[in-house]
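> please work out how this folds:
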Amino acid sequence: MSTDAIVILKDEHKEIRKLFRDFRSAGDNAVKTKGKIVDKIIEALTVHTYIENEVMYPEIRRRVPELEDDILESYEEHHVADVLVVELAGMSPDAERFDAKTTVLIENVEHHIEEEEDEWFPKVREALGRKELREIDEEMLARREKAPRRPSQPSALKKTVDAIIK
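Here you go, the predicted structure:
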């Protein structure tokens, strides 16, 4: 089956949204279940943001320079999500602010996904076409294998993002 970078990212967005629905439907007293779901969310977001930050965003910046502002905003949205993910990874599911922090993460990521899918993915597809998106897809799949599954500390994340956008 032939695919491309946008298809891969949209598929990952669907998986992430499903985890968000699972968290929301777990119920107020399902501390253990919510903890397991958040662990899955953390892994999914860590891998996803890694391949976007390391492959998709730099490639789009290089190939479609008119989307520079969109990419820079996406880096910042990732940074906010990364900080929340790091904090959640260090929290117990029965912590007082665990559900609230997870809800803020979910709301931020849902907003980010909507912007990508509704605003700049169509622009990227129009600018690049299927062949170039397949090339990016191949690199993303290769990097996915090396992607971290757990977050690093915020300072390391900030250094990575700062290095990418300079």
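
> report the secondary structure state of the spatially most distant residue from the centre of the chain.
Most distant from the centre of the chain: residue 29, at 27.7 Å, with distances by Cα atoms, centre = their mean. Following DSSP: H, G, I helix; E, B strand; the rest coil, residue 29 is assigned to coil.

> that one and residue 56, how far apart?
From residue 29 across to residue 56, the span is 39 Å (Cβ to Cβ, to the nearest Å). Every residue, glycine included, has its C-beta placed from N, CA and C.

> and what of residue 20?
For residue 20, the distance to residue 56 - Cβ to Cβ - is 21 Å.

> in terms of neighbours, single out the busier of those two.
The neighbour comparison of residue 20 against residue 56 (other Cβ atoms under 10 Å) goes to residue 56, with 25 against 21.

> list the contacts for the more buried one?
Residues counted as contacts of residue 56 (Cβ atoms under 8 Å, 6 or more residues apart in numbering) are 5, 9, 136, 140.

> what's the neighbour count on residue 68?
12.

> for it, give me its contacts.
residue 61.

> from residue 147, how far out is it?
25 Å.

> before we move on, what about residue 65?
Applying Cβ to Cβ to residue 65 and residue 147 gives a distance of 26 Å.

> show me where this protein has helices.
Ranges of helices in the chain, per DSSP state H, are 5-25, 31-51, 57-63, 68-89, 98-115, 121-144, 154-165.

> for the shortest one, packing partners?
Meaning helix 57-63. Contacts defined by 3 or more Cβ pairs under 8 Å, 6 or more residues apart in numbering; DSSP states H and E place helix 57-63 against helix 68-89, helix 121-144.

> how far does the first one sit from the chain's center?
Looking back up the chat, that one is helix 68-89. Here helix 68-89 is found 8 Å from its chain centre; the criterion is Cα atoms, centre = their mean, to the nearest Å.

> try stretch 78-90
11 Å.

> just stretch 29-36 next, same as before
22 Å.

> please save the CA atoms from that stretch in CSV.
Provided in CSV are the C-alpha atoms of stretch 29-36 (Å, rounded to 0.1, in the frame of the first residue of the first chain):
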residue,chain,number,x,y,z
ASN,A,29,-12.6,6.6,40.0
ALA,A,30,-10.5,4.7,37.5
VAL,A,31,-7.1,5.9,38.7
LYS,A,32,-5.2,2.7,37.7
THR,A,33,-6.9,2.6,34.3
LYS,A,34,-6.2,6.4,33.7
GLY,A,35,-2.6,5.9,34.7
LYS,A,36,-2.2,3.1,32.1
